[in-house]
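**Q** Here is the input, now give the coordinates:
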Amino acid sequence: MTDAVMALGGNVGDVRSTFDLAISALCDGVEVQLQARSSDYQTPPWGVHDQPPFINCAIVVETTLTPSDLLTRSQAIEQQFGRDREQERRWGPRTLDIDLIAYDDVTISTPLLILPHPRLFERGFVLAPLAEISPERRIAGISVKDAVRQVDLAGITKLPPRDGTTAAL
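**A** Take a look at the predicted model:
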């Protein structure tokens, strides 16, 4: 099994319920096992500002899938929840976005997948949730706790747990 870091985001519909269902679909307990889940965070839009705030979270999983297979599985789950990458505006509104942030210490650069995620260290909406569950993790030689100190966290708010749910494992 290999560990992987993933980030989820969305700003259309009941995003927090979508996260719960998407994580359950992704983490089947066999090929992908959930190790940790951050709280949900409300975050300002990134890239395109004329849209509602996003909800974001991070998860750490253990998997037997290859990076490309994990990406394929993630994109299939996005489609199940209404995402149509061909019709949407880049960085625009969406029901669900699942990004593969890091896969062990693997470095990949293909037209379909770049690891670690190329904009990780620019994105407080990924680093804040990840720092909650894995502050000591090193990605590209940089600890998450150090990286989160270098990004703008303005407008990022940790949301309280919902009744009947757990914020983190």
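**Q** all helices for the protein, in order.
**A** Along the chain, counting by DSSP state H, helices occupy 15-26, 67-80, 124-133, 144-148.
**Q** If we go by neighbour counts, what in the first one is buried?
**A** Same thing as helix 15-26. Buried positions in helix 15-26, judged by neighbour count with 16 or more other Cβ atoms under 10 Å: 15, 18-19, 22-23, 26. C-beta: built from backbone N, CA, C; applies to glycine.
**Q** what's the answer for the shortest one, then?
**A** By neighbour count on 16+ other Cβ under 10 Å, the buried set for helix 144-148 is 144, 147-148.
**Q** How about the second one?
**A** When burial is assessed from 16+ other Cβ under 10 Å, helix 67-80 yields the following buried residues: 67, 70-71, 73-75, 77-78.
**Q** Stretch 98-114 now?
**A** 98-103.
**Q** Which residues outside that stretch are in contact with it?
**A** 2-9, 22, 26, 58, 67-68, 70-71, 74-75, 77-78, 115-117, 120, 126, 130, 137, 139-140 (Cβ atoms under 8 Å, 6 or more residues apart in numbering).
**Q** again, but for stretch 8-19
**A** Contacts for stretch 8-19 (Cβ under 8 Å, 6+ apart): 22-23, 40, 43, 45, 51-59, 81-82, 93-99, 125, 159, 162, 165.
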